[in-house]
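>>> could you look at this predicted model? Sequence included:
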Amino acid sequence: MEDENQSTSDVHLTKSIRCIVKLGGSAITCKTELERINEESLETVSQHLRQAMMVPGSSGGKVLGMDWSKRPGFAETSCGVDDFRDQPALGFNHFIVVHGAGSFGHFQASKSGVHKGSLNQPLVKAGFVATRISVTSLNLEIVRALAREGVPSLGLSPFACGWLTRERNISSADVSTVAKAIDSGFVPVLHGDAVFDASQGCTILSGDVIIRHLAEQLKPEFVVFLTDVLGVYDRPPTEPNAVLLREIEVREDGSWSVVKPALENTNKKVEITVPAHDTTGGMRTKISEAAMIAKLGIDVYIVKVATSHSLRALSGELKDNIPEDWLGTVIRFLR
């Protein structure tokens, strides 16, 4: 819940948002290996995002990359300036991308206690710096991967945009830069970040919380959470007999229940585990924030990254009907 004494900036958005995408940290990084990106997954999801953003009827043509800087391991840049001179403007649906940290940022934050505050302590202050270096470096690589696929992406840091929290809840968040980027034809790429907190000095602002705030302010048609598993299960998916929850229904009071499949014990609580180094609450936070988004009347899909199922979700195929062969979790408001 936002601090009622702090108002967010007025949003002047002339273009409707098709989708807000959450790239889970575990989906795009090797979470057990410090600061290692899952290159294959990131490349595939970048291709899927480009496909999903293209307006039907727009010419696919040659993919014109926008990363004109030198890449590590490559002798030359992949600059193709001349290719753009006669390039017609392509039609894109308007997307926002928010990514988690995965093996970037979580280690630095958890070891130094940034999420607990106390910036006056040297360890916390150093951890705040180290965490921001880590998460912004990941943000740059994701922006570059999207740019190589011809997606006009811009990295936007919540800290640099002045987002603030109080008792770890958003108290002030200026989304005017996000709105301006969209209206100018760009795809904003935000990330979980270390931010200032009015009550405890600092904390970690989760990408899942950012998504919920953006959904409240900008009202996308739907939201997609891309994860490293097929969706939400009734217990950790590594356990035997774990059941994929196909549809979750959210009530007016914020409570939710499983609609599909019909579980033997409908009162049984879903079991969720959170890794020790995860400072943002993991899947527990994801479901909670997804339920709050669904209460706005916005369907939320949780699905495995870089699969045909995630591409179908990103493309908007699931809005009116969930096919039986689609694997993932949809969270909807009980209308």
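Yep, it's here.

>>> what segments of the stretch 151-300 of the chain are helices?
For the stretch 151-300 of the chain, the helices defined by DSSP state H, counting those that start in this stretch occupy 176-183, 207-218, 282-294.

>>> to residue 319, which of those helices lies closest?
helix 282-294 (13.6 Å; CB to CB). Where you see a C-beta, it was placed from the backbone N, CA and C, and this is true even at glycine.

>>> and residue 323, which of the helices of the stretch 151-300 of the chain is closest to it?
helix 282-294 (19.9 Å).

>>> coming back round to it: which one of the helices of the stretch 151-300 of the chain lies nearest to residue 194?
Per CB to CB, nearest to residue 194 of the helices of the stretch 151-300 of the chain: helix 207-218, 12.5 Å.

>>> that closest one to helix 176-183, inter-axis angle?
Helix 207-218 and helix 176-183 meet at an angle of 70 degrees, taking axes from the mean of the first three to the mean of the last three CA atoms, to 10 degrees as the criterion.

>>> packing partners of helix 207-218?
strand 19-23, strand 95-99, helix 176-183, strand 187-191, strand 222-227, helix 282-294 (3 or more CB pairs under 8 Å, 6 or more residues apart in numbering; DSSP states H and E).

>>> how far is that helix from where the chain is centred?
Chain-centre distance of helix 207-218: 9 Å, with CA atoms, centre = their mean, to the nearest Å.

>>> using CSV, write out every CA atom in that helix.
C-alpha atoms of helix 207-218 as CSV (Å, rounded to 0.1, in the frame of the first residue of the first chain):
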residue,chain,number,x,y,z
GLY,A,207,10.6,-5.8,-9.5
ASP,A,208,7.3,-7.5,-8.7
VAL,A,209,6.3,-4.4,-6.6
ILE,A,210,7.3,-2.1,-9.4
ILE,A,211,5.1,-4.1,-11.8
ARG,A,212,2.1,-3.7,-9.5
HIS,A,213,2.6,0.0,-9.2
LEU,A,214,3.0,0.5,-13.0
ALA,A,215,-0.1,-1.6,-13.6
GLU,A,216,-2.1,0.6,-11.2
GLN,A,217,-0.9,3.8,-12.9
LEU,A,218,-0.7,2.8,-16.6
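
>>> hang on, the earlier thing: mean pLDDT and distance to residue 54 added to the helices and strands packed on helix 207-218, as CSV?
What follows is the helices and strands packed on helix 207-218, written out as CSV (pLDDT from 0 to 100; distance: least, CB to CB, whole Å):
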stretch, mean pLDDT, distance to residue 54
strand 19-23, 97, 13
strand 95-99, 98, 11
helix 176-183, 94, 16
strand 187-191, 98, 12
strand 222-227, 96, 16
helix 282-294, 77, 25
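
>>> any chance of a markdown table for the helices of the stretch 151-300 of the chain, columns distance to residue 31?
Below are these laid out as a markdown table (distance: least, CB to CB, whole Å):
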| stretch | distance to residue 31 |
| --- | --- |
| helix 176-183 | 27 |
| helix 207-218 | 14 |
| helix 282-294 | 11 |
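
>>> out of these, which gets nearest to residue 324?
Among the helices of the stretch 151-300 of the chain, helix 282-294 comes nearest to residue 324, with 21.6 Å by CB to CB.

>>> now do the strands in the stretch 201-335 of the chain.
Using DSSP state E, counting those that start in this stretch, the strands of the stretch 201-335 of the chain run over residues 201-205, 222-227, 247-250, 256-260, 299-304, 329-333.

>>> what's the most buried one of the ones you listed?
Comparing the strands of the stretch 201-335 of the chain by mean neighbour count (mean count of other CB atoms under 10 Å), strand 222-227 comes out on top with a mean of 27.

>>> if we can go back for a sec, tell me which of the strands of the stretch 201-335 of the chain lies nearest to residue 81.
Residue 81 lies closest to strand 222-227 among the strands of the stretch 201-335 of the chain, at 32.1 Å (CB to CB).

>>> and the angle for the closest one with strand 299-304?
20 degrees.

>>> same for strand 222-227, what does it pack against?
Under the contact criterion of 3+ CB pairs under 8 Å, 6+ apart, strand 222-227 touches strand 19-23, helix 25-28, helix 207-218, helix 282-294, strand 299-304, helix 308-314.

>>> now do it: distance to the chain's middle.
Centroid displacement of strand 222-227 relative to its chain, using CA atoms, centre = their mean, is 7 Å.

>>> name the nearest residue to residue 210, sequence neighbours excluded.
Leaving aside its sequence neighbours, residue 210 sits nearest to residue 98 (CB to CB, 6 or more residues apart in numbering; 5.2 Å).

>>> report the beta-bridge partner residues of the one you found.
Beta-bridge partners for residue 98, by DSSP bridges, are residue 22, residue 190.

>>> so what's it up against?
By CB atoms under 8 Å, 6 or more residues apart in numbering, residue 98 lies in contact with 20, 21, 22, 23, 189, 190, 191, 192, 207, 210, 211, 214.

>>> at 6 Å instead, please
Taking CB atoms under 6 Å, 6 or more residues apart in numbering as the criterion, residue 98 is in contact with 22, 190, 207, 210, 211.
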